[in-house]
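J.: Sharing a model that was predicted from the sequence below.
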Amino acid sequence: MATNSRSGGLSRRGLLQMAGVAGLGSVLAACGLGEGDKASSAGGDLNFWLTPNASPEAMKAFTDKMTTGFRDVAKDAAVSSLIIPWDNALTKYTAAFSGGNPPDVTYQIIPWMNKWRSTGVLADFKKFASAEELASFTEGQPESYLKAATGDNGELFAVPFTQGFQPLVLNLAVWEKAGKPPLPTTLAEMIPFAEAMTFDKKGRNLKDAGFDKNNVEHYGMAWPALPTFEDNWVWQYFWAYGSDYINEARDDIGFDNAAGREAIDVMKRLVSSGATTPPDLYSDNARWQTATVSGKTGMQWMPPLTEAVCKQFPDARLKVIDLPGGPAGKAIVAGCGYYAMAAKSKNPDLTYQFAKFLLDPKQSDVYIRMILGLPTRPVEGNYYAEPLADPRMNTFLNEAAGYGQHARATLVLPYQPQEYLLGKLNDHLFGRQTLDDMISEASKGIKQMAKTGK
Amino acid sequence: MSVRLVGVRRGAEAAGAPAGPGRADPPVRSAPAGTRAARRRRAGDLAPAGVFLAAKAVLFGAFMLFPFGYTIYLTFQRGSLLSGLEFAGLDNYRSIAGDLLFRQTLWNTLLFMAVLIPLTLVVTIGVGLLLSSKVRGMSVYRSLIYLPSLLSIVVAGLIWKMLIDSETGPLERFTSGVLHLDVPWLTDANTAIVFLSVVTLWTSIGFYSVIFMSAFNNVSEDLLDAARIDGANGWQTLTRIKLPLIKPVLQVVLVLVTINAVQLFDLIYVMTQGGPGTATYTAMWYIYQNAFNGGSVPYAATMSMVLLVVTAVIAAIFVRRSRGEESTDGHA
Amino acid sequence: MATRELTGRRPSHAGRLRKLPRVLSVHAVAIVFSVLCAAPVLLVVIASLHDSVYADFSVRVSEWTLTNYERLFANEVFVRWMLNSLWVAAAVTALTVAVDILAAYAFGKLRFAGRDVAFRTMLATMMLPFSATLVPVYLLASELGMVDHYSGLIIPAAAGPFGVYLLRQFVLGIPNSLMEAARVDGANHWWIFRRVVLPLCKQPMAVLAIFTFVANWNSFLWPLLMAQSEHMMTLPVGIATTNTQFTQNISLITAGAVISILPMAVLFAVFQRYFTSGVLAGAVKS
């Protein structure tokens, strides 16, 4: 023990009083001091949760606009919005839906719909909507998007309204430096293409003698080996080769076959060619997403060019390459955004009104344009005809529009294998496991998931 | 195991040995403790105990014990909290027995323990010894060494990820530029485990070192002087006198480090998300994935119980082993 | 240590000289460890002083600016997060210390049926992985209407067993004779608790308070689940919420991190003697 100073510190009485006050204080705290600025009104409160698909400022501006806009529909309604980081969203959603006070309206994606679809936590739109309204929700929607939102008894648990994908984007400066090699038309051709665009700081190409792999100026391609990124493009390799990540019966992996192995082989050859970025190049997500814009890499599967990125790289010249395919054709992983209503909402009718309001093309277009996505329904003409903050954004989006015809949604499953499968694939791609070992373990893992996920 | 930790103390109480604040012996008036009075007290104490315990009982009961019990209940269920549960008997336990992935994550967890526990003990005992040496300016060093223990894991993860960034990270620049080493910080399975262990150590080095420091400070100088006169060198005084004397502290730290190693989660969450590949899929990470990111909550609960038992067994082995040694040391 | 100065042999001048290499090597090792521990934090402070999109660790003082901090403090919500963090950590601390010292007295000095079983059960829960209990705790808190209220952030956080364990060890160390004396004088339990136990447990209570405060200031997952509206978030949750892949400004985030460290550093500077008092070591010393 250190010295036991009796002189310093508090008197007994003082300490006692402090303890008493502290206890009282915390009880008072518990009763809600300072929580007063919570919106409340006679018209009812709604909670609206969504994940960030744009800068925090843009998201805030969007939710504010929706809140005020909804007052024109329901005069006294008070909507409080919450933007939850992607990393924590599913944890928070799970907890909230398990509890008695779930968010009334939520933004959802296919993998999450897989989790909610058979649990009854989401409300059925069919119970609220008139036939006419229902038609407006479902007509013209891609089948796969609706399927992910349809319950066992035909309920409609969520309405899709936006989709997006990450097209293959080329940095023209790097491409020109490489002598404008012909653009790849297949996934396999991307390997030599990436190699041609890899240079060290002394200007030597990957294939030149003396290439210094520790001082690379440009990599041919960015490949961040994290599930959050890979989830946007790994699956299309399987699809292009005529395979899938889960089998037809939904109880095992789907790539333990010639086509699946070939798809993995192409990825493996690409990431081990030396022409892709090391997986630990960047520690923050923002820089991974701008690797090609900044010129660090020649190409990448990239989310839409935002205004902030344009401002940051005023001289970057980019081009969206036509989607390279495989023996079984072309496919691009498409993300789909939904709005859903909570089954346990305290104010179901108002919730439906708000969901309907958000899904109205006038409002949903605000959201879609903010995140630079596309509507789920086919668009007449050019969706981004109006000039955006930077003309390059328009070019990007219009060049990417052709990807829409190849958009393919991730699978509708009763469990979520994607993160685990990406981990296993990376075990092989980055050299921890042979293909056979990886496939055998992944198969066991998915079987386990399928079993306990029932 | 924790039972045993407490057991250590009971002897002291019986002997009336003042620990902690009791050391400053207050004036004692005569205290005749008649057996009749004692018996009366035993019967009458239940009521006051209730008064003193009420608050904690409510809090602990509601937010620890109830969830604990609920978790045990869940292990015999299937389905989900969202859609409703049904009785599943021992199915979950049977599934675990056949779950290779869980076994693998347990193995990863053991790897972490194998690296983290010895690393933490050696370094923090060493630093504790260092801090206990009577040298001018030690309090400055102590403050600096304690600094990382004040950080949240979120911030610690942010810091270390920035340090190893391959373009701007100072640490990466140092290793590749000065040492010409290409360190695969979080991209190689083994390196990732070692690196996460080092970061974990970094976040706890101050806390444990200070505990060891005070333990070493408590070792009687007379004993050390006697040893010195007997011709013992520094290493001998450490291994023969100091370490045996601080064994109870060592035990507690060992158990705390073990719990932390088994439950290593935050840092994985912030830094690797289970990667590279599945190399840092620890048992906790797998359980978390099952409970929140898909899979089933009852299954996650069952794995938690298994993990609890594993932790308890390992901790009990550590504590019993060092207690066994203690008794052979005799007078220590 | 006092004993050393009183009884120890006073080193002669020659003795001091002989000890010089040892002292120097102690300094050298201590400096190495201090740098290893503190340098990463220092680097983050430097990064926060740059107004750049990427982390910049350059030490050219002329480039340093407080822009990031000005931006953060100009943000009303950020200030609210800080106040929430302070308030929640302080309230959890007060509640924990008050409740735990009461329970520690009961476990340490009162005899009642099931005492040891209850105490062991409490300790066993220390080993329970949090993921197992997170959902049930949330369910309960939500049933009790605590979600998005301070009560939800505070009350469940004070349920842990550690404080009781720590304080009980000290209560046990109080000589029974002291209490017997008081009993003979007709004192009741409350009087003994107030006049004997509380004053003697001042130091461990202060230590518990400090560690509880630090832990709750840094707590992340629970406040993330509990706080639903922006104005109920704590600092770590708020920082994480703005740290999305759409935030380009790393230096702003580092400034937020530094601000979250600062109160802890001040706390440490002021209460260092409690942090390093050896109370934790003392608790397990037999």
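T.: Noted; the coordinates are in hand. Keep in mind it's a predicted model, so treat the numbers as computed, not measured.
J.: tell me which element residue A:164 falls in.
T.: strand A:158-165 (DSSP states H and E).
J.: Give me the sheet partners of that strand and which way each runs.
T.: strand A:332-341 (antiparallel), strand A:374-375 (antiparallel) (DSSP bridges).
J.: for the stretch 1-150 of chain A, what spans make up the strands?
T.: A:45-50, A:78-83, A:105-109 (DSSP state E, counting those that start in this stretch).
J.: Could you point out which of those strands sits nearest chain C?
T.: Checking the strands of the stretch 1-150 of chain A against chain C by C-beta to the nearest C-beta gives strand A:78-83 as the closest, at 5.4 Å. Glycine gets a C-beta too; all of them are placed from N, C-alpha and C.
J.: what packs against the closest one?
T.: strand A:45-50, helix A:56-73 (3 or more C-beta pairs under 8 Å, 6 or more residues apart in numbering or on different chains; DSSP states H and E).
J.: so who does the nearest residue to residue C:63 once chain neighbours are set aside touch?
T.: Excluding the flanking residues, the one nearest residue C:63 by C-beta to C-beta, 6 or more residues apart in numbering or on different chains is residue C:50, at 6.5 Å. Going by C-beta atoms under 8 Å, 6 or more residues apart in numbering or on different chains, residue C:50 touches C:56, C:58, C:63-65, C:251.
J.: By neighbour count, which of those residues wins?
T.: Neighbours here mean other C-beta atoms under 10 Å in any protein chain shown. Within the contacts of residue C:50, the largest count is held by residue C:251, at 22 neighbours.
J.: wait, is that one part of a strand?
T.: No. Going by DSSP: H, G, I helix; E, B strand; the rest coil, the assignment for residue C:251 is helix, not a strand.
J.: what residues are up against it?
T.: C:47-48, C:50-56, C:68.
J.: Got the confidence number for it?
T.: pLDDT, residue C:251: 81.
J.: That one and chain A, how far apart?
T.: 11 Å (C-beta to the nearest C-beta, to the nearest Å).
J.: State the distance from that residue to residue C:54.
T.: 8 Å (C-beta to C-beta, to the nearest Å).
J.: Next: residue B:115.
T.: Residue B:115 is 32 Å from residue C:54, by C-beta to C-beta.
J.: just residue A:216 next, same as before
T.: 18 Å.
J.: higher neighbour count, the two?
T.: Higher neighbour count among residue A:216 and residue C:54: residue A:216, with 22 against 19, using other C-beta under 10 Å.
J.: and the more buried one, what does it touch?
T.: A:198-201 are the contacts of residue A:216 under C-beta under 8 Å, 6+ apart.
J.: Most neighbours among the residues you listed, which one is it?
T.: Busiest of those [other C-beta under 10 Å] is residue A:198, holding 27 neighbours.
J.: what's the pLDDT at whatever residue of the stretch 351-454 of chain A ends up closest to chain C?
T.: As assessed by C-beta to the nearest C-beta, chain C sits closest to residue A:371 within the stretch 351-454 of chain A, at 9.6 Å. The per-residue pLDDT reported for residue A:371 equals 89.
J.: Residue C:210 too?
T.: pLDDT, residue C:210: 88.
J.: a helix runs through it, doesn't it?
T.: Yes. Secondary structure assignment places residue C:210 in a helix (three-state DSSP).
J.: Can you give me the neighbour number for it?
T.: By other C-beta under 10 Å, neighbour count at residue C:210 equals 22.
J.: give me every residue that touches it.
T.: Contacts of residue C:210 (C-beta under 8 Å, 6+ apart): C:267, C:271, C:274-275.
J.: OK, now which residue of the stretch 101-250 of chain C is nearest to chain A?
T.: residue C:142 (3.1 Å).
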